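Undergrad: Can you look at this prediction? I've put the sequence above it.
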Amino acid sequence: MALVVQKYGGTSVGDAQRIRNVAHRVVQAKEAGNRVVVVVSAMGHTTDELLDLAAQISHEPQARELDMLLTAGERISMALLSMAIIELGHEAISFTGSQAGIVTDTSHGKARILEVRARRVLEALDAGKIAIVAGFQGVSTAYDVTTLGRGGSDTTAVALAAALRADVCEIYTDVEGVYTADPRIVPEARKLHAVSYEEMLELSASGAKVLMLRSVEYARNHGVLVHVRSSFTHNEGTWIREEDARMEQAIISGIAHDTSEAKVTIKGLPDVPGVAARLFRVLADEGVNVDMIVQNVSSEQGRTDISFTSPTEDLRRVEVLLESTARELGAEGVETDPDIAKVSLVGAGMKTHPGVAAQMFQALADAGINIQIISTSSIRISCVVAASEVARAVRAIHESFDLAAEAIHREQHPATVTGQIRAVRASEAGT
C-alpha cells in the first residue's frame, strides 16, 4: 500500500464542480489501495481578492493580521473538498496548517517550515480516512498563524510527504508537467519525462512557475519523489528526482524566462577594496534579494560600474537605499531599468558539453537581440535582455537547440500510482 500526497492548486479547485472533480480523483487513488493525503490551495483568485479587501481597509496591513486573513482561503477549500469526498461515501477529515503540525519560524508572509509534527494526520490515515490539509500556512514557534509565501502550498505538500515518508508527492496543476519552454510562447515546446532536482531548482529560480523554488529545495534535501501533472487529464506528467544515467543524455532540459526583475546600475564607483561589500550589505540588511551581478573593468581613472538585477517590486526601495549609499561611496549616480527580462538555458548535460554558451549567444545574435548581463552556473546560462525581446529570445534559443525534438529515450510507466513509483524507483537504482 503506497502513501501518496496530492496537492491541488487554485485553478484545480476553482469552483464547486472542479472541487467535485478533484474529490473523484482523490477517491480513485484511495480505492486503488493507497493511503492518501491531500493539500489544497485557495480557490481561484481568492487570495488576490483577500489582498484587495485588506488594501481597502489599510494601506499597510499589519503582517500578523494579514496572515490570519489570507489563511481563510485554504480553509474554505479544505472543508469543501472534505465534504465532497464524504458525499462520495469515503471518510475524510480536514486540517488547518497548524492542526497538521506545520511549524514555522516567526516571519509573517514568507515563513519557513522548521518542523512537521504530523501525528494527527497519521492518526487519520491509520483510521482509514483521507486527510485534507490546508496548504500555504502553518503555526509559528510563537503560536501565531503564518503563511509561506506565494506558491507555499507546494512546500506544504513536499514537507508533509517528507515527514510521512510518502512514496510520491503528486503536484496537480493546470499544465501537464514541465516543458522545454513556456508553451504559451513556444507552442511546439515538449513535455519533459523527468528532470533532476538540480535542473528544476535552476528552472524555478529562473522564472519557471510550475514549482515553487523552496518546494524543490525541500524535495532535494529530503529525497522526495515529485510528480508534476495536470488535474484535468490522467496523463503522466514530469518526474522530479535524483539525476540518473538516462537523464544525462539530454544536454539541455529547458528554457525559463522571468519578467519580474529590474536592472540597477551604480555608475562610476571608486574601484577599491570593500566598495562592493558595503554596497550589497545595505541591500542585504533590508532583505532585498539580488540575483545577477556584473562589474565592469576598471577605467584608467580607477572607477567602475556595477550592475545587478532585483525584483521589480523592490525597485523603489532599492533606489532609496542606494541613493544615499552611492553618495557616501563617491559614485557618480544610480540608474534603473524595469523593462528587462531574464532568459535562462538549463541542463545537467551542459557540464560536459562545450559550446553551449556560444550556441545560445549566437542564437540571440542571429535574432538581433542584445545581451545586457550574463550569469552562469554549472548547469545554467542566464542572459538579461530587453523585456520587449523576451518572447523572441525564448523562441530563438528553443529553435537553435532543437528542443521540440522527441527525447532520445522515453520510458512508459504503468498507469497505476504504485506501478509508476516502482518503475521510477527502479530507474533510479539503475535496474
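TA: Nice, I can see it.

Undergrad: in the sheet, who's paired with Ile132?
TA: Val38, Ser94 (DSSP bridges).

Undergrad: my read: it touches Glu91, true?
TA: No. Contact criterion C-beta atoms under 8 Å: Ile132 and Glu91 do not qualify, at 11.2 Å. From N, CA and C alone the C-beta is placed, and that goes for glycine too.

Undergrad: Look at the two and report which has more neighbours.
TA: Neighbour comparison, Ile132 and Glu91: the larger count goes to Ile132, with 30 against 13 (by other C-beta atoms under 10 Å).

Undergrad: How about Gly14: what's its closest non-neighbour residue?
TA: Gly44 (4.1 Å; C-beta to C-beta, 6 or more residues apart in numbering).

Undergrad: what's the answer for Ala142, then?
TA: Nearest to Ala142 is Thr106, by C-beta to C-beta, 6+ apart, at 5.1 Å.

Undergrad: And for Glu332?
TA: Nearest non-adjacent residue to Glu332, counting by C-beta to C-beta, 6+ apart: Gly268, 3.1 Å away.

Undergrad: What about the one you found, how many residues nearby?
TA: The tally of other residues near Gly268 (other C-beta under 10 Å) stands at 16.

Undergrad: Tell me the secondary structure at it.
TA: Classification of Gly268 using DSSP: H, G, I helix; E, B strand; the rest coil returns strand.

Undergrad: Enumerate every residue touching it.
TA: Arg303, Thr304, Asp305, Ala331, Glu332, Gly333 (C-beta atoms under 8 Å, 6 or more residues apart in numbering).

Undergrad: Just the buried ones out of those residues, please.
TA: Arg303, Thr304, Asp305, Ala331 (16 or more other C-beta atoms under 10 Å).

Undergrad: Where does pLDDT dip in this protein?
TA: 244-250, 300, 406-431 (pLDDT under 70).

Undergrad: ok, which stretches of it are helices?
TA: 16-31, 46-57, 63-70, 72-87, 119-126, 152-164, 197-205, 213-222, 275-285, 315-329, 356-366, 390-400, 417-429 (DSSP state H).

Undergrad: Quick check: which of these is buried the most?
TA: Sort the helices of the chain by mean neighbour count, taking mean count of other C-beta atoms under 10 Å, and helix 152-164 sits at the top with a mean of 27.

Undergrad: Let me know the angle separating it from helix 119-126.
TA: Here the directions of helix 152-164 and helix 119-126 differ by 70 degrees (axes from the mean of the first three to the mean of the last three C-alpha atoms, to 10 degrees).

Undergrad: by how many degrees do helix 152-164 and helix 72-87 diverge?
TA: Going by the same axes, to 10 degrees, helix 152-164 makes 60 degrees with helix 72-87.

Undergrad: count of neighbours near the closest residue to Ile76 other than its chain neighbours?
TA: Take Ile76 and drop its neighbours on the chain: the residue closest to it by C-beta to C-beta, 6+ apart is Met43, 6.4 Å away. For Met43, the neighbour count with other C-beta under 10 Å is 22.

Undergrad: How much space separates Met43 from Thr238?
TA: Using C-beta to C-beta, to the nearest Å, one gets 25 Å for the distance from Met43 to Thr238.

Undergrad: go on, Val116?
TA: For Val116, the distance to Thr238 - C-beta to C-beta - is 25 Å.

Undergrad: who has more neighbours, these two?
TA: Thr238 (24 against 19).

Undergrad: how deep is the closest residue to Ile371 other than its chain neighbours tucked in, by neighbour count?
TA: Spatial nearest neighbour of Ile371, chain neighbours left out: Cys383 (4.8 Å); criterion: C-beta to C-beta, 6+ apart. Using other C-beta under 10 Å, Cys383 is surrounded by 24 other residues.

Undergrad: how far away is the most centrally placed residue in the chain from Phe136?
TA: By C-alpha atoms, centre = their mean, the chain has its centre lying nearest to Met212, at 1.9 Å. Distance of Met212 to Phe136, given as C-beta to C-beta: 10 Å.

Undergrad: overlap in contacts of the two?
TA: Gly152.

Undergrad: For the nearest residue to Leu269 once chain neighbours are set aside, which residues are in contact?
TA: Using C-beta to C-beta, 6+ apart and skipping residues adjacent in sequence, the residue nearest Leu269 is Ala331, 4.7 Å away. For Ala331, the contact set (C-beta under 8 Å, 6+ apart) comprises Ile266, Lys267, Gly268, Leu269, Pro270.

Undergrad: Please repeat the previous calculation with a cut-off of 6 Å.
TA: Residues in contact with Ala331 (C-beta atoms under 6 Å, 6 or more residues apart in numbering) are Ile266, Gly268, Leu269.

Undergrad: one step back: would you check that the residue nearest to Ile76 makes contact with Val13?
TA: Yes. Shown here, Met43 and Val13 form a contact pair, counting by C-beta atoms under 6 Å, at 5.3 Å.

Undergrad: Quickly list what's touching both of the two.
TA: Common contact partners of Met43 and Val13 (C-beta under 6 Å, 6+ apart): Ser77.

Undergrad: Just the buried positions in stretch 297-315, please.
TA: Buried residues in stretch 297-315 (16+ other C-beta under 10 Å): Arg303, Thr304, Asp305, Ile306, Ser307, Phe308, Thr309, Ser310, Pro311, Thr312, Asp314, Leu315.

Undergrad: wait, the fifth one sits on Thr265?
TA: Spelled out, that is Ser307. Yes. With contact defined as C-beta under 6 Å, Ser307 reaches Thr265; the gap is 4.4 Å.

Undergrad: State the distance from Ile86 to Arg75.
TA: 17 Å.

Undergrad: Check Tyr172 too.
TA: 19 Å.

Undergrad: Next: Leu225.
TA: 29 Å.

Undergrad: before we move on, back to that, what are the neighbouring residues in contact with the residue nearest to Ile371?
TA: If you count contacts by C-beta under 6 Å, 6+ apart, then Cys383 has Val343, Ile371, Ile374 around it.

Undergrad: one step back: filter the contacts of Gly268 down to the ones in strands?
TA: Of the contacts of Gly268, the ones assigned to strands by DSSP state E are Arg303, Thr304, Asp305, Gly333.
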